[in-house]
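Peer 1: sequence unavailable; structure follows:
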């Protein structure tokens, strides 16, 4: 600590006793100095001379270091402004001027714990009292949204008040943990001897760094050993000798391995023999959680009730405040799962299941079949996938299980798993206890018999799933591999949509050429870029060659005329659509409107061969309906379903149209 009468050069001038900052705080003496700031004792002139501490960013630093010091001071003031705890000083003011940055906060009376540490060793019961106070403060900070990590907890930053309570007087190294990874890097402060190895090594650190630093502080108070003299070297035998009832808990908090370290301050409080009563978490419209058993019950009976608590972070904060070490460790697994998930679209319940899944996995993940027969699959040159074959995963364990399925590459075949409708080499997820999941596997390959293996992993457990397939000419249609046009199942309800999908992919024409139906292939290839209706009419032409009595060849006219003229809201009008039957025999016709304000006024029951049928529509758009709209009609011509979509524009009536409507009503 610097001499109290020392004058520190901070700016173009000097700050010394008697200087007034912000027309409010009169400096009296310097009481501390660090690498980035100087601390003065001052009086608050607006509060009758009440004592305060004024922390001023140093200006005798290089430009980059000075900007960092000023940013640290602003961040500390922001934290003090939004935090409210008896062990933290109150913020009275912040000045962010171009020449000087400073903050004024409560001057906490008492002795720094660093001074008391030199008077030690202290009795273990006293250290236990202080440790409990700090555990409660850390639990408060670590359960904020976002969590606050002190980053430099040590005796020099702790003051024992006259009433015996402790206060943390320096948050200059504190930072918040956002729910997504931050892009900007922040300074990683820490004092050797008190900071954990991950912080000293410049790696990312979290709340467990504060737990470590608190344990070091307790170690120093109990043993009298200065940890800064030999950083990360602790005489645990001395600790065991002077405080056997605290040693086990402190040793767990001093673990270098994060997975072995005491996970939270609430757990450390419990391990030091003073567990806090567990907090209860009330779920909206669901049960309340008091312990891990309640969590497991909720997962089994009402898992959706937990989704909101995962999404808003309240479940994670409950983990952090609970004395159960398993729940404390679960907090970090849930956080890592969230950080690894896509920024958008992740199901909160899936995140929780993934966090609950044991990292070592389980051999109780079951897969059926154990040998996958993909049957006939398309040729790779056609660039189309086979009909999907099911692969079932079953979790027979009592906990959620994470899994990953990989489809290794090989030169003569491609095998993929469908993920959100897209063929991928890898799929991963998590299965709740007792849950089943259906995966769909597709393939294509060079002509001939093909085989390989899929690899399934669940933690440390691995399975190889052999597969076999026969790659040959043909396309997947209506649930089977079709090699000839004549093999189509004409009664399958999805036949037309599936053929239309092949047409859109450019596969249909290649298949028709391969099976020597070049006339149909040319007709499809020569058609201009079709819309959905034209694609379906082309499919009708193809199916007409197989069943002319069920699939007519049609042409639809009159849509452009309806689209060309705007409609008037509240005004009735008529539209005419013409259906040409370009072949024999006659075509049964059914027309329905799927738009509430459009009525089919007249429509023929059949369209004779080589003739035209006319459908009259009565359109009455509501008075409050304006702007672009769509008219949706469903036509069934024989066995060919057609969806007709007519874009129209609806304008508000003009004054003379409203007047005409008024006279018509009267």
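Peer 2: Now that the structure is in, tell me what you want to look at. Everything quoted here is computed from the prediction, not taken from an experiment.

Peer 1: can I see the domain layout of this protein?
Peer 2: 8-106, 111-271, 281-356, 365-472, 548-666 (automatic domain parsing).

Peer 1: if I've got this straight, residue 647 is in a strand?
Peer 2: Yes: per DSSP: H, G, I helix; E, B strand; the rest coil, residue 647 lies within a strand segment.

Peer 1: sorry, back to before: dump the domains of the chain to CSV, plus mean pLDDT and distance to residue 541.
Peer 2: For glycine as for every other residue, the C-beta is placed from the backbone atoms N, C-alpha and C. Shown next, in CSV, are the domains of the chain (pLDDT from 0 to 100; distance: least, CB to CB, whole Å):
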stretch, mean pLDDT, distance to residue 541
domain 8-106, 88, 70
domain 111-271, 92, 53
domain 281-356, 89, 41
domain 365-472, 95, 21
domain 548-666, 90, 5
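
Peer 1: with mean neighbour count added, can I get the ones you listed in JSON lines?
Peer 2: Shown next, in JSON lines, are these (neighbours: other CB atoms under 10 Å):
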{"stretch": "domain 8-106", "mean neighbour count": "17"}
{"stretch": "domain 111-271", "mean neighbour count": "19"}
{"stretch": "domain 281-356", "mean neighbour count": "18"}
{"stretch": "domain 365-472", "mean neighbour count": "17"}
{"stretch": "domain 548-666", "mean neighbour count": "15"}
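
Peer 1: for residue 523, which of these is the nearest?
Peer 2: Residue 523 lies closest to domain 548-666 among those, at 10.7 Å (CB to CB).

Peer 1: you'd agree residue 54 is up against residue 26?
Peer 2: No: at 9.3 Å, residue 54 and residue 26 do not qualify as touching, with contact defined as CB atoms under 8 Å.

Peer 1: need the residues touching each of these two.
Peer 2: Both residue 54 and residue 26 are in contact with residue 42, where contact means CB atoms under 8 Å, 6 or more residues apart in numbering.

Peer 1: how far off centre is stretch 91-103?
Peer 2: Averaging C-alpha positions (CA atoms, centre = their mean, to the nearest Å) puts stretch 91-103 38 Å from its chain's average.

Peer 1: same question, stretch 127-135
Peer 2: Distance, centroid of stretch 127-135 to centroid of chain: 37 Å (CA atoms, centre = their mean).

Peer 1: same question for stretch 239-259.
Peer 2: Relative to its parent chain, stretch 239-259 has a centroid offset of 36 Å by CA atoms, centre = their mean.

Peer 1: cool, stretch 196-210 as well?
Peer 2: With CA atoms, centre = their mean as the basis, stretch 196-210 stands 25 Å off its chain's centre.

Peer 1: show the end-to-end separation of that stretch, please.
Peer 2: Distance between the two ends of stretch 196-210: 9 Å, counting by CA to CA, to the nearest Å.

Peer 1: what's in contact with that stretch?
Peer 2: Applying CB under 8 Å, 6+ apart, the external contacts of stretch 196-210 come out as 138, 141-142, 147, 149-151, 153, 177, 188, 190, 192, 195, 212-213, 231-232, 256, 258, 261-265, 320, 332, 335.

Peer 1: so residue 88 is in which element?
Peer 2: Counting by DSSP states H and E, no helix or strand carries residue 88.

Peer 1: next, the residue lying closest to it once chain neighbours are set aside: phi, psi?
Peer 2: Of all residues not flanking residue 88 in the chain, residue 168 sits nearest, at 6.0 Å (CB to CB, 6 or more residues apart in numbering). Backbone torsions of residue 168, given as degrees, to the nearest 10, read phi -90, psi 120.

Peer 1: what's near enough to touch residue 168?
Peer 2: Per CB under 8 Å, 6+ apart, neighbours of residue 168: 87, 88, 134, 137, 150, 153, 157, 158.

Peer 1: and those, which is closest to residue 308?
Peer 2: Residue 308 has its nearest neighbour among the contacts of residue 168 in residue 137, at 28.5 Å by CB to CB.

Peer 1: contacts only, for the closest residue to the closest one other than its chain neighbours.
Peer 2: Using CB to CB, 6+ apart and skipping the chain neighbours, the partner closest in space to residue 137 is residue 87 (4.4 Å). Residues in contact with residue 87 (CB under 8 Å, 6+ apart) are 133, 134, 136, 137, 165, 166, 167, 168.

Peer 1: hmm, back to that, please flag which of the contacts of residue 168 sit within helices.
Peer 2: Taking DSSP state H, the ones among the contacts of residue 168 that sit in helices are 134, 137.

Peer 1: and residue 376, what are its bridge partners?
Peer 2: On the basis of DSSP bridges, residue 376 is bridged to residue 470.

Peer 1: do you know how far it is from residue 506?
Peer 2: Distance of residue 376 to residue 506, given as CB to CB, to the nearest Å: 21 Å.

Peer 1: same check, this time on residue 321
Peer 2: 59 Å.

Peer 1: still on that earlier bit, how about the domains of the chain in a markdown table, adding distance to residue 491?
Peer 2: Shown next, in a markdown table, are those (distance: least, CB to CB, whole Å):
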| stretch | distance to residue 491 |
| --- | --- |
| domain 8-106 | 68 |
| domain 111-271 | 52 |
| domain 281-356 | 39 |
| domain 365-472 | 18 |
| domain 548-666 | 8 |
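
Peer 1: all strands of the stretch 51-200 of the chain, in order?
Peer 2: 91-96, 101-106, 111-112, 148-149, 158-160, 166-168, 175-176 (DSSP state E, counting those that start in this stretch).

Peer 1: the first one: partners in the sheet, and parallel or antiparallel?
Peer 2: Strand 91-96 has these partner strands in its sheet, going by DSSP bridges: strand 101-106 (antiparallel).
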